[in-house]
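K.L.:
When you get a sec, could you give me coordinates for this:
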Amino acid sequence: MNETLMERSTVRKTKKGKQRITWNLIKSQRQLIYMSVPLLAYIVLFAYVPVWGWTMAFQDYKPALDFSEQKWVGFKHFKFLFEDDNFLRMLRNTLGMSIINLVLGFVTAIILALLLNEIKKVFWKRTVQTISYLPHFLSWIIVTGIVATSLASDGIVNDLLIKLHLIDEPILWLSEGKYFWGVVGASHVWKEVGWNTIIYLAAMASIDPALYEAADMDGASRYRKMLHVTLPGIKPTIVILLIMSIGHILEAGFEVQYLLGNGLVVDWAETIDIFVLKYGIAQGNYSLATAGGIFKTIVSVIMLLIANWTAKRLGEERLL
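P.N.:
The predicted structure follows:
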C-alpha cells in the first residue's frame, strides 16, 4: 500500500513538474548556486544592461545630446518600418531564407547522422564525419568565394551539368533572383551539416543497445531500426534543437547575403540585418536601426514561446 501511495505521489509530482523551493533545498545546492554566479553576472552585464539602449528606438536619437535632451517620438520609427516597402521586402527575404535554412539544415543533419550511425567501421565513420564538419571552421568570406567560383558561368557546377546533358548552356546562378535563396540554403548546408550532426550522433550513442537487439529478434531491417528505434531515441534532442532554431527564425544571416548579393539580385538578397546596416547605421539613423533590432528580438521571443508551448502540449497529450 505504501509503495502504491509513493508511486502515485511521484506520478503527481512528475505531471506537475514543480518542486517547492525551500531553504533546505537552497542550502543543499549552494555549490551549484555559487558556480552560477559568474554566468549570471555575465548575462546581466552583456544581455540585460544593453537593453537600456532600446530607448533609442523611441527617440530621434542624436549622439551629441544627453539622454535628457533627446526628443521622444513614440512609435514613429516602428511605423516607418511597416510602411516602408524596402523593409517589407527584406522581411520577406529574411523569412524565406530562414525557413529554407531551417528545413534543409534539420533534414540533412538528421539524415547524415542516421547514415553515419549505420557505418560499422570506426575509421570510415570518423573520416566521413571529419570531412563533413571541416567546412564549419571556414569563414563565410572563404565559403562565399568558393561558392561564387563554383557557380560562375565557367565554373565546375555548370561544366558538370553540361557534361551530364542536364542543361544546354551555362546558368547565371548569382545573376537571377529566383536561384538566390536556393544558393544560400545549399551554402548553409554544405558549411554546417557536418557540425550539426555531432549532437545527433551523441544522442544516438545513448540509446539502449537492447532496443536494437530486440528489433533484430523481431526481424527488423536496418531501415526499420532507424525509423522505429533510432529516430524515437533522439526525438527529445530534435525537439529541443528545433525550439532553439525557431527562436532564431529571423536570423537568416548577414555575411553570405552581403557577400554573394549584387545589383541584379538585390530584391532577393537583402535581409533585415542588411537593412539595419544600410538605412540605419550607415546613415547615422541609430533610432531606426534599434527599432529593427527590437522587432527581430520580439518576433524571436514570441516564436520561441509558441514553439515551447506547442512542444509541451504535444508531450502532455501523449502522456494522457
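
K.L.:
Let me see the ranges of the strands in the protein.
P.N.:
59-60, 71-72 (DSSP state E).

K.L.:
Of all those, which one is nearest residue 245?
P.N.:
Among the strands of the chain, strand 59-60 comes nearest to residue 245, with 33.6 Å by CB to CB. Glycine gets a C-beta too; all of them are placed from N, C-alpha and C.

K.L.:
which other helices and strands contact that closest one?
P.N.:
strand 71-72 (3 or more CB pairs under 8 Å, 6 or more residues apart in numbering; DSSP states H and E).

K.L.:
Strand partners (parallel or antiparallel) of the strand it packs on?
P.N.:
Counting by DSSP bridges, the strands paired with strand 71-72 are strand 59-60 (antiparallel).

K.L.:
and the partner strand, how far from the chain's centre?
P.N.:
Chain-centre distance of strand 59-60: 32 Å, with CA atoms, centre = their mean, to the nearest Å.

K.L.:
hang on, the earlier thing: quick check: which of the strands of the chain is buried the most?
P.N.:
Ranked by mean neighbour count, the strands of the chain are led by strand 59-60 with a mean of 18 (mean count of other CB atoms under 10 Å).

K.L.:
distance of residue 292 from residue 225?
P.N.:
According to CB to CB, to the nearest Å, residue 292 and residue 225 sit 48 Å apart.

K.L.:
Which one of those two is surrounded by more residues?
P.N.:
When residue 292 and residue 225 are compared for neighbours, residue 292 comes out ahead with 24 against 19, by other CB atoms under 10 Å.

K.L.:
ok now do the residue lying closest to that one once chain neighbours are set aside, which residues does it touch?
P.N.:
Among residues not flanking residue 292 along the chain, residue 276 sits closest, at 4.5 Å (CB to CB, 6 or more residues apart in numbering). Neighbouring residues of residue 276 by CB atoms under 8 Å, 6 or more residues apart in numbering: 288, 289, 292, 293.

K.L.:
same thing with residue 261?
P.N.:
The contact partners of residue 261, taken as CB under 8 Å, 6+ apart, are 180, 269, 270, 274.

K.L.:
which regions of the stretch 1-150 of the chain sit below the pLDDT cut-off?
P.N.:
Residue ranges of the stretch 1-150 of the chain with pLDDT under 70: 1-19.

K.L.:
meant to ask about the stretch 201-320 of the chain, not that
P.N.:
Those would be 315-320, if you go by pLDDT under 70 across the stretch 201-320 of the chain.

K.L.:
Centroid-nearest residue for this protein?
P.N.:
residue 245 (3.4 Å; CA atoms, centre = their mean).

K.L.:
Give me the neighbour count for the closest residue in space to that one that isn't next to it in sequence.
P.N.:
Residue nearest to residue 245 in three dimensions, not counting chain neighbours: residue 102, with 5.5 Å by CB to CB, 6+ apart. The tally of other residues near residue 102 (other CB under 10 Å) stands at 19.

K.L.:
Identify the residues contacting residue 102.
P.N.:
Shown in contact with residue 102 (CB under 8 Å, 6+ apart): 245, 246, 249.
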